[in-house]
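[1] here's a sequence, model it:
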Amino acid sequence: MSMKITFFSGLPSPYFGAGWWRIYSIAKTLKEKGYNVDIISVFSITSFNIKKILLNDGIKIYNIIPILMIENPIFFLVNIIASFIVLFMYFIFIRPSVVIYSIPPHDQLIPFYILSKLFKYKLILDYRDEFEDYLLLNNKMFKNYLRILKKTYTNIYNNLYLIMPVTPYVNQKLKERGIRNTYILYDGVDTLIFKPHIKNKLRMKYGFNNKEIILIYLGYVYEPYRLDILVTALFYLNKKTNTKKYKLLIIGGGEINKLKIFARKLGMLNNIVFYGVIKDRYKIAELINMGDVGIIPYDKKDIWKNTLSTKLFEYAACNLPIIATVSEDSLLAKVIKKYKLGVISPPLDVDELSNAIYNITKTTNKIHKENLSEFARKYDKKILIKKFMLKMNL
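    Residues are numbered from 1 along each chain as shown. Take a look at the predicted model:
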């Protein structure tokens, strides 16, 4: 009998987001290698009607854990109790050897940890970002509770089989907390899906012309990404060039209505195309390939300095030069400079961002496609996952 491996996703699954595609890529690769793989997930009041059990590429997904998606000590306790009951029943019937927990969200970690002692499975934590610090930054009312929670999690992390941070910087932050059982697993990119296409043909297919300068934004419209700053920069560029050729394509959901209201006030609504959430990864790759530049418009908060957005890998794999609004000392800036993937611009600076867009679209030949391709090959998901499997003796 093949080894049983269970993944945990803290949002109703499948969903559009880097966290989902990260664990699903690992799960799918393990499934292809002959392992018995499933994914257990949650449902909330807003997603109550989601299909509770479904099959995706031969992988069973169980959206069966009820959750209250509010960061509050009382709701946290309710989530722990509800999760414990459901997971106890789940593990009686499905006895995995390994459980890989994708964090954040974090509410189910304590039940998973307690039950790992009872049911004797190896618990691995897929640690995607410094969520504890983010919670402390944005929840002033519950700071004492969150500090205690962070200390509790530090103790738990030290007793897990393995923790997988997404970057060396996040790994270093874990080590500063005394956590040593880590293995860095970058997000990477599926180069079989995200790869260069002929731009002109795609623009014809989707109704765009070759004179337009198209910026691509892939992902949800929400903090920390400042799309309002980007739209303002495009407004000034169109004014400067006395054209309406600068356009923005947004692939993803989030606070779309809020952005539309803002764009309408600037007279820029017709220069933005909202594609919404797209589940077809091949179509996403096509839309990216229509662009001239891929944009990562971070805000100024220091907490994002240690992140490498999944957008970076997917833009690069499609040979799209990248503009990121980040500080010079951020991890993203260092990677863009090291591999010559594009340019950086100071966060929240409309004038600098306008200049960056204008200059990079005038000199795209200087961002060699081979730099982008080489970077994508280095961070190919399948290669990264194979190295992880060797680490785990899978």
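[2] when you work out contacts or count neighbours from here on, use the C-alpha atoms and nothing else.
    Will do.
[3] what are the ranges of the strands in the chain?
    Per DSSP state E, the chain carries strands over the ranges 4-8, 36-43, 53-56, 59-66, 98-103, 122-127, 162-165, 213-218, 246-251, 272-276, 293-296, 322-325, 342-345.
[4] most packed of the ones you listed?
    strand 293-296 (a mean of 26; mean count of other CA atoms under 10 Å).
[5] which residues touch that one?
    Residues external to strand 293-296 that are found in contact with it (CA atoms under 8 Å, 6 or more residues apart in numbering): 214-217, 225, 288, 309, 311-312, 315, 320-325, 361.
[6] how does it look with 7 Å?
    Counting contacts by CA atoms under 7 Å, 6 or more residues apart in numbering, the residues outside strand 293-296 that touch it are 214-217, 315, 320-325.
[7] which stretch in the strands of the chain has the least confidence?
    Summarising mean pLDDT across these, the least confident stretch is strand 53-56, with a mean of 90.
[8] direction included, what does that one pair up with?
    strand 59-66 (antiparallel) (DSSP bridges).
[9] picking up where we left off before, any chance of the strands of the chain in a markdown table, plus distance to Ile303?
    Rendered in a markdown table, the data for these read as follows (distance: least, CA to CA, whole Å):
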| stretch | distance to Ile303 |
| --- | --- |
| strand 4-8 | 25 |
| strand 36-43 | 27 |
| strand 53-56 | 34 |
| strand 59-66 | 30 |
| strand 98-103 | 16 |
| strand 122-127 | 15 |
| strand 162-165 | 15 |
| strand 213-218 | 21 |
| strand 246-251 | 24 |
| strand 272-276 | 27 |
| strand 293-296 | 15 |
| strand 322-325 | 14 |
| strand 342-345 | 17 |
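[10] how about those, which one is nearest Leu259?
    Closest to Leu259 of these, according to CA to CA: strand 272-276, at 10.0 Å.
[11] what does that closest one contact?
    Contacts of strand 272-276 (CA under 7 Å, 6+ apart): 247-253.
[12] how is the chain divided into domains?
    As assigned by automatic domain parsing, the chain contains the domains 4-188+381-391, 199-378.
[13] hmm, back to that, for Phe142, which of the strands of the chain is the nearest?
    Taking CA to CA as the criterion, Phe142 comes closest to strand 98-103 out of the strands of the chain, the separation being 19.9 Å.
[14] flag the shaky bits of the stretch 1-150 of the chain, pLDDT-wise.
    Segments of the stretch 1-150 of the chain classed as low confidence (criterion: pLDDT under 70) are 1.
[15] measure the most centrally placed residue in the chain to Met389 for me?
    Note on the chain: the residue nearest the mean C-alpha position is Ala18, at 2.7 Å, using CA atoms, centre = their mean. Ala18 is 20 Å from Met389, where distance means CA to CA, to the nearest Å.
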